[in-house]
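Chemist: Sequence and predicted model, in that order:
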There are 2 protein chains.
Amino acid sequence: MPAVKKKILFVVMDGLGDRGCKVLGGMTPLQATPTPNLDWFAENGSSGMMDIIAPGVRPGSDTAHLSLLGYDPYEVYTGRGPFEAAGVGMTVMPGDVAFRCNFSTVDENYEVTDRRAGRIKAPETTELAKAVSGMKINGVEILVKEGTEHRAALLLRGKKLNPDITDADPHDIGPVAVSTGKNKKGEFTASIINEFVRRSYEIMKDHPVNLERRERGLPEANILLPRGAGSFPKIKPFTDKNAISGACVAGVAMINGICGICGLDIIGLPRECAGNIDTDMIKKADVVLETLKEYDFVLMNIKAPDISGHDGKAEQKCEVVGRLDEMVGHLRKNMPENLVIVFTADHCTSSDVGDHTGDPVPVTIYTEAIVKDEATEFSESGCAKGSIGRIRGYDLLPICIDLANRSEKFGA
Amino acid sequence: MPAVKKKILFVVMDGLGDRGCKVLGGMTPLQATPTPNLDWFAENGSSGMMDIIAPGVRPGSDTAHLSLLGYDPYEVYTGRGPFEAAGVGMTVMPGDVAFRCNFSTVDENYEVTDRRAGRIKAPETTELAKAVSGMKINGVEILVKEGTEHRAALLLRGKKLNPDITDADPHDIGPVAVSTGKNKKGEFTASIINEFVRRSYEIMKDHPVNLERRERGLPEANILLPRGAGSFPKIKPFTDKNAISGACVAGVAMINGICGICGLDIIGLPRECAGNIDTDMIKKADVVLETLKEYDFVLMNIKAPDISGHDGKAEQKCEVVGRLDEMVGHLRKNMPENLVIVFTADHCTSSDVGDHTGDPVPVTIYTEAIVKDEATEFSESGCAKGSIGRIRGYDLLPICIDLANRSEKFGA
């Protein structure tokens, strides 16, 4: 009788790992907060520590999720352009060339006077992005979407595009730079970018948003300056690579963007499950349980602990950990049979540092028939006692696919 | 508020790791000796085991220190020539081609009769090296320095040099080999070497050192035979690579040579801090503490435990461990705030084997806010209980740079 093929759930608690925090008497939020449900999984599962990228390397959320999905970021990460575009919720497709952009201010001589247009932001940038998005230049479609503050993402979609071009953004005040091909292949794409920059000025200079800013004495966002061209990453789609279907349940556009690039289906969420601090974790867990009925693999991302870490609020992070544990209890009660369930983080976010750090994250894997080990507490120190030892982020998926009885034998 | 950037200190106790020793009832010197200060750091820090190069690989002191400085020796180690030269205290520079040499004995027909000239050694070799060092052949400067016993290092310094040449050392008794270019590019360098070998004979054959050896009936060291040509390693300087300044405090020329090749500054030491068994460790620690005021990173090497291991003296090694622990106590009392301090070894030197072994070495990292783990004893078995797990030598520096709040985020 062949072994039952199991399903796989990654519960990625964003930025959960931490360092010893002064306000917690040198403990981490995970060490300082009772987590009976997470501990139950640690006690009954296998635990260890995981370098998401490599020892000491501070992961971004993008590279971290690539690694968790089984890709080596050093192989597939093609620069921030495409991931930034995916991050603001654009669908990046093979052949696209993507850029990061600033809404900037130029004078009538095309001299940049403010690279950030007075740190303009949504909803003004939303309107401006709509105004310049959708045009075609020499058969190339141009898509623009606003990002945080003065930032935007830009996609070129068409034939013969190439990312080997220089930035139109001068990276300083002064004349707008003319994009050029770094080689013959890039020349066409550079010409498209230069024409787009010119047109963005024509369209935006007297746009109602800017007329109003002029009246208020604010720098006008009258030009878009692209930089950091990158092509669609050469990523073998998740399902082709692993022979399992996959979905992502996340409240953050960037995570959905990354998972989308990897070929996972993106599951819509009710507004109360958004990626903020007071997200409804239980409701999100219910969406995950529903999604597991349809898919072999689900990645669930909960952003809340990362937010507390970035804000330097260790005590708030403890409170978030408490709510996470309740959610884990809900999963424990309601999870289906034949499931490989994983609790981990995409990186540490130190509440003292206020940013991601390169420390390894704790990881616990549970399924029926897994080898129980000495770890009984889910924390940075507790999981270190476990039998998994120290692995890399991209090792986790193959381990789980094997525990799910879905891996292929290498050799005979 | 950005996190405080910390400084980093590596305390490298040379050859400290060991195997179970018969005379210690199967314990290692670290297990057999009380080390309250090292244990304090283990108890309050994070510990683990480290394969300096890779599991089961016996590191040399040169490759070991490359790895500790964050370089993959398999990538940057360009053969023994340049490292041997650095190892005897020569300053190797980009463009140089370096060789290992033997002082050998030839008869009047240029036939090698003793490849090691009766294992001649300093001070005789010191005089002979001086006699042949400093000449110029076709614009190429030639530098020679004696090494251990009959060995020497040779540097060619000039234009158009290339290491792709065959050895002048025949590696056996018989005619002196004629060096040839392995390809067109090597021919010039081979011609320089052949001319140097000829001249070394002319200079040394009636040198007072050899006249005296002739009288005493000893084989004369009347020729220098180079082998193992290597170019200056392509090493990105430490500071460029890591964006931190670095210095080395070591009593051994070879360690200083390696660190110098990597771009660290070499700190001078008083005679009583030399790399021998009865070195003044406390005084060396004071030099280290002074050096830390000026540099972001300091590597301290203490040679004594390695010497006991090579000599097969396990009990002496225990005594050395006790003195090391006192020195560690001195560091503990006097170390500055905001320091990431690391205790480890560059390799194991087994007192039973009398040489380096490929066993992993214990490592403990301490800084404020580090995650405390289960390890409470600094030893080969004690550190294995810690949360670091099993890492590679070249992982250590990135981990510490991250803990020092100096690492860059990979991705967004």
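Modeler: In hand now; what should we look at?

Chemist: switch to C-alpha atoms for all contacts and neighbour counts from now on
Modeler: Fine.

Chemist: where's the residue in the stretch 51-200 of chain A that chain B sits nearest to relative to B:Leu403, distance?
Modeler: Going by Cα to the nearest Cα, chain B is nearest to A:Gly56 of the stretch 51-200 of chain A, at 3.8 Å. According to Cα to Cα, to the nearest Å, A:Gly56 and B:Leu403 sit 8 Å apart.

Chemist: Same drill for the two, tell me which one is more crowded.
Modeler: Per other Cα atoms under 10 Å in any protein chain shown, whichever of A:Gly56 and B:Leu403 has more neighbours is B:Leu403, with 27 against 23.

Chemist: what residues are up against that one?
Modeler: B:Leu403 makes contact with A:Gly56, A:Thr357, A:Gly358, A:Asp359, B:Lys6, B:Val340, B:Thr367, B:Ile370 under the criterion Cα atoms under 8 Å, 6 or more residues apart in numbering or on different chains.

Chemist: ranges for the helices of the stretch 201-350 of chain A?
Modeler: Ranges of helices within the stretch 201-350 of chain A are A:208-215, A:238-242, A:253-261, A:281-292, A:304-310, A:314-334, based on DSSP state H, counting those that start in this stretch.

Chemist: Export only the CA atoms of the last one, formatted as CSV.
Modeler: Spelled out, that is helix A:314-334. The C-alpha coordinates for helix A:314-334 follow below in CSV (Å, rounded to 0.1, in the frame of the first residue of the first chain):
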residue,chain,number,x,y,z
ALA,A,314,9.1,44.5,21.9
GLU,A,315,6.1,44.5,24.3
GLN,A,316,3.6,44.9,21.5
LYS,A,317,5.4,42.0,19.8
CYS,A,318,4.8,39.8,22.8
GLU,A,319,1.1,40.7,22.6
VAL,A,320,1.2,39.7,18.9
VAL,A,321,2.9,36.5,19.8
GLY,A,322,0.1,35.7,22.2
ARG,A,323,-2.5,36.3,19.4
LEU,A,324,-0.5,34.2,17.0
ASP,A,325,-0.5,31.4,19.5
GLU,A,326,-4.3,31.5,19.8
MET,A,327,-4.5,31.3,16.0
VAL,A,328,-2.1,28.3,16.1
GLY,A,329,-4.5,26.7,18.6
HIS,A,330,-7.3,27.3,16.2
LEU,A,331,-5.3,25.6,13.4
ARG,A,332,-4.4,22.7,15.8
LYS,A,333,-8.1,22.1,16.5
ASN,A,334,-9.3,22.4,12.9
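
Chemist: What residues of that helix count as buried?
Modeler: Buried residues in helix A:314-334, counted by 16 or more other Cα atoms under 10 Å in any protein chain shown: A:314-318, A:320-331.

Chemist: before we move on, back to that, what about the nearest residue to the residue of the stretch 51-200 of chain A closest to chain B once chain neighbours are set aside, how many residues nearby?
Modeler: What sits nearest to A:Gly56 in space, not counting adjacent residues and going by Cα to Cα, 6 or more residues apart in numbering or on different chains, is B:Ile399, at 3.8 Å. Neighbourhood size, B:Ile399 [other Cα under 10 Å]: 21.

Chemist: wait, B:Ile399 sits on A:Asp359?
Modeler: Yes. With contact defined as Cα atoms under 8 Å, B:Ile399 reaches A:Asp359; the gap is 7.4 Å.

Chemist: any residues in contact with both of the two?
Modeler: Jointly contacting B:Ile399 and A:Asp359 under the rule Cα under 8 Å, 6+ apart are A:Pro55, A:Gly56, A:Val57.

Chemist: Redo these as TSV? Include secondary structure and pLDDT.
Modeler: Below are the shared contacts of B:Ile399 and A:Asp359 laid out as TSV (DSSP: H, G, I helix; E, B strand; the rest coil; pLDDT from 0 to 100):
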residue	secondary structure	pLDDT
A:Pro55	coil	97
A:Gly56	coil	97
A:Val57	coil	97
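
Chemist: sec struct for A:Thr113, please.
Modeler: The three-state assignment at A:Thr113 reads strand, by DSSP: H, G, I helix; E, B strand; the rest coil.

Chemist: Need the pLDDT of it.
Modeler: Predicted confidence (pLDDT) at A:Thr113: the value is 96.

Chemist: again with A:Met1
Modeler: pLDDT, A:Met1: 64.

Chemist: before we move on, what about the one 3 residues further on?
Modeler: Taken from the predicted model, the pLDDT recorded for A:Val4 is 94.

Chemist: okay but it is in contact with A:Asn338, surely?
Modeler: Yes. Counting by Cα under 8 Å, A:Val4 does reach A:Asn338; the two are 7.5 Å apart.

Chemist: Pull up the overlap in contacts between the two.
Modeler: Common neighbours of A:Val4 and A:Asn338 are listed as A:Ala404 (criterion: Cα under 8 Å, 6+ apart).

Chemist: Looking at the two, which is more packed in?
Modeler: Under the criterion of other Cα under 10 Å, the comparison of A:Val4 against A:Asn338 puts A:Asn338 first, with 14 against 10.

Chemist: which residues are common contacts for A:Gly56 and B:Leu403?
Modeler: A:Thr357, A:Gly358, A:Asp359.

Chemist: if I look at the closest residue in space to A:Asp72 that isn't next to it in sequence, how far off is B:Lys22?
Modeler: Counting by Cα to Cα, 6+ apart, A:Asp72 lies nearest to A:Tyr394, which is 6.3 Å off, once chain neighbours are set aside. Counting by Cα to Cα, the gap from A:Tyr394 to B:Lys22 is 43 Å.

Chemist: I'm done for today, thanks for sticking with me.
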